[in-house]
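Visitor: Mind looking at a prediction? Sequence and model below.
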Amino acid sequence: MPPVIQASGVRKTYGATVAVEEVSFDVRDGEIFGLIGPNGAGKTTTMECIEGLRTPDRGTISVLGLDPVRDVYKLQDRIGVQLQQAQLQKRIKVWEAVDLWASLYQKKTVDAERLLEQLGLTEKRNAWFMNLSGGQKQRLFIALALINDPEVVFLDELTTGLDPQARRAIWELVRGIRERGKTVFLTTHLMEEAERLCDRVAIIEHGRIIDIDTPLSLVKRHCPERTVVLATNDPSAAERFRAIPGVQEVVCNHAEFTIRGRGDDLVTEVIHSLSENHIRVTDFRTVLPNLEDVFLKLTGRSIRD
């Protein structure tokens, strides 16, 4: 099947500031695709160009086979959008907001009451927007993005500012969107969020795409290092650990050993050495690299700068 979203050579400037430079990627049908990077990297500008909210200076974009600028009205009926700085009137009720959004579409919309139930908002249907918690507001914005039963859902920094419990609840809702056969395109600067949710991610920095792949493949490609931390009083431990294939460094701090090396078999080799040499341990844990480590390696700066 052709990609749901295709972006090729997209460029967007604001005066002398280049926000997006030569951005290209595809989004496949039925996947959660993440555009990840620090604040100011060009994530929101890229998403808004794809949604048709901004016109790129150069490049081509196709969403569901439509041009987001030329076919904006046709596209609006087929996509759902949650904006990063979304707000509603303070005294609009939950059910009123959903009813208002449903009235904006020509095609038949989904059952509003069922949607509120699925998003855990039934008890809040008569609550004013200003009285909702941060997590409840985000769930309402998801409801508004889904009211027209879209084929593609855009979510921009959906969980920024939420507490861990609310964030994880939103993650489950996003997975549920994908399970209903929708394609999800999201932006985030939270690496744990990208790892937990996305089938594939594109890392963007200073308006340019650095790399695109699954989170696991990115980690394997750019951060093949592995670390094992264990505790033992065995006097021969350091010598045994340095003899393990793939080990690059062994650091001993009192009875705690940090073993660093490369390769997927490092942990297995350490366990094999412990067994073969009858080394008794009182603590054992592995430290694996993640997407944040990949970003640091590729850009040399913190993801949260």
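Guide: Looks like it arrived, so ask away. Numbers count the residues shown, from 1 in each chain.

Visitor: Could you list the domains of this protein?
Guide: 5-219, 224-288 (automatic domain parsing).

Visitor: first to last residue in the shortest one, what's the distance?
Guide: Going back to what we said before, that points to domain 224-288. 9 Å (Cα to Cα, to the nearest Å).

Visitor: And stretch 60-70, by the same measure?
Guide: Taking Cα to Cα, the first and last residues of stretch 60-70 lie 12 Å apart.

Visitor: buried set for that stretch?
Guide: Ile61, Ser62, Val63, Leu64, Leu66, Pro68 (16 or more other Cβ atoms under 10 Å). Backbone N, C-alpha and C define where each C-beta goes, glycine included.

Visitor: Stretch 282-302 now?
Guide: Pro289, Asn290, Leu291, Glu292, Asp293, Val294, Phe295, Leu296, Thr299.

Visitor: just stretch 96-115 next, same as before
Guide: Those would be Glu96, Ala97, Val98, Trp101, Ala102, Thr109, Val110, Ala112, Leu115, for stretch 96-115 by 16+ other Cβ under 10 Å.

Visitor: My guess is Thr122 contacts Glu113. True?
Guide: Yes. Look at Thr122 against Glu113 with Cβ atoms under 8 Å: they come within range, at 7.5 Å.

Visitor: I'd like the next helix or strand past the longest helix along the chain.
Guide: The longest helix of the chain (DSSP state H) is helix 164-179. The first helix or strand that comes after helix 164-179 along the chain, using DSSP states H and E, is strand 183-188.

Visitor: Now the next helix or strand after that next one: buried residues?
Guide: Scanning forward in sequence from strand 183-188 by DSSP H and E, the next helix or strand is helix 191-197. Neighbour-count burial for helix 191-197, counted by 16+ other Cβ under 10 Å, picks out Met191, Glu193, Ala194, Glu195, Leu197.

Visitor: Contacts only, for the second one.
Guide: When contacts are counted by Cβ atoms under 8 Å, 6 or more residues apart in numbering, Glu193 is found next to Gly34, Thr159, Arg167, Trp171.

Visitor: Greatest separation within those residues: which pair is it?
Guide: Gly34 and Arg167 (14.8 Å; Cβ to Cβ).

Visitor: between those two, who's got more neighbours?
Guide: Gly34 (27 against 20; other Cβ atoms under 10 Å).

Visitor: Per-residue pLDDT of that one, please?
Guide: For Gly34, the model assigns a pLDDT of 97.

Visitor: In three-state terms, how would it be classified?
Guide: The three-state label given to Gly34 by DSSP: H, G, I helix; E, B strand; the rest coil is strand.

Visitor: Val201 now?
Guide: Val201 is classified as strand under three-state DSSP.

Visitor: May I have the beta-bridge partners of it?
Guide: Gly34, Asp213 (DSSP bridges).

Visitor: What are the boundaries of the strands in the stretch 1-150 of the chain?
Guide: 5-14, 17-27, 32-36, 58-63, 79-82 (DSSP state E, counting those that start in this stretch).

Visitor: among those strands, which is nearest Ser273?
Guide: Closest to Ser273 of the strands of the stretch 1-150 of the chain is strand 32-36 (Cβ to Cβ; 37.2 Å).

Visitor: Need the contact partners of that closest one.
Guide: So strand 32-36 is contacted by 5, 25, 27, 43, 46-47, 174-175, 178, 183-189, 191, 193-194, 197-204, 291, 295 (Cβ under 8 Å, 6+ apart).

Visitor: Run the chain-centre distance for that strand.
Guide: 5 Å (Cα atoms, centre = their mean, to the nearest Å).

Visitor: swap in stretch 44-57?
Guide: 19 Å.

Visitor: same deal with stretch 137-151?
Guide: 18 Å.

Visitor: And for stretch 230-247?
Guide: 38 Å.

Visitor: Over to that stretch now: how far is its first residue from its last?
Guide: OK, stretch 230-247 end separation, Cα to Cα: 14 Å.

Visitor: Then stretch 124-133?
Guide: 11 Å.

Visitor: Leu216: helix or strand, and which one exactly?
Guide: helix 215-222.

Visitor: Could you list every helix and strand in contact with that helix?
Guide: strand 200-205, strand 208-213, helix 291-299 (3 or more Cβ pairs under 8 Å, 6 or more residues apart in numbering; DSSP states H and E).

Visitor: buried sites along it?
Guide: Pro215, Leu218, Val219, His222.

Visitor: who are the neighbours in contact with Arg11?
Guide: Contacts of Arg11 (Cβ under 8 Å, 6+ apart): Val18, Val20, Glu21, Glu22, Val23, Pro56, Asp57, Arg58, Gly59.

Visitor: Any stretches of the stretch 201-305 of the chain with poor pLDDT?
Guide: The model of the stretch 201-305 of the chain has pLDDT under 70 over residues 301-305.
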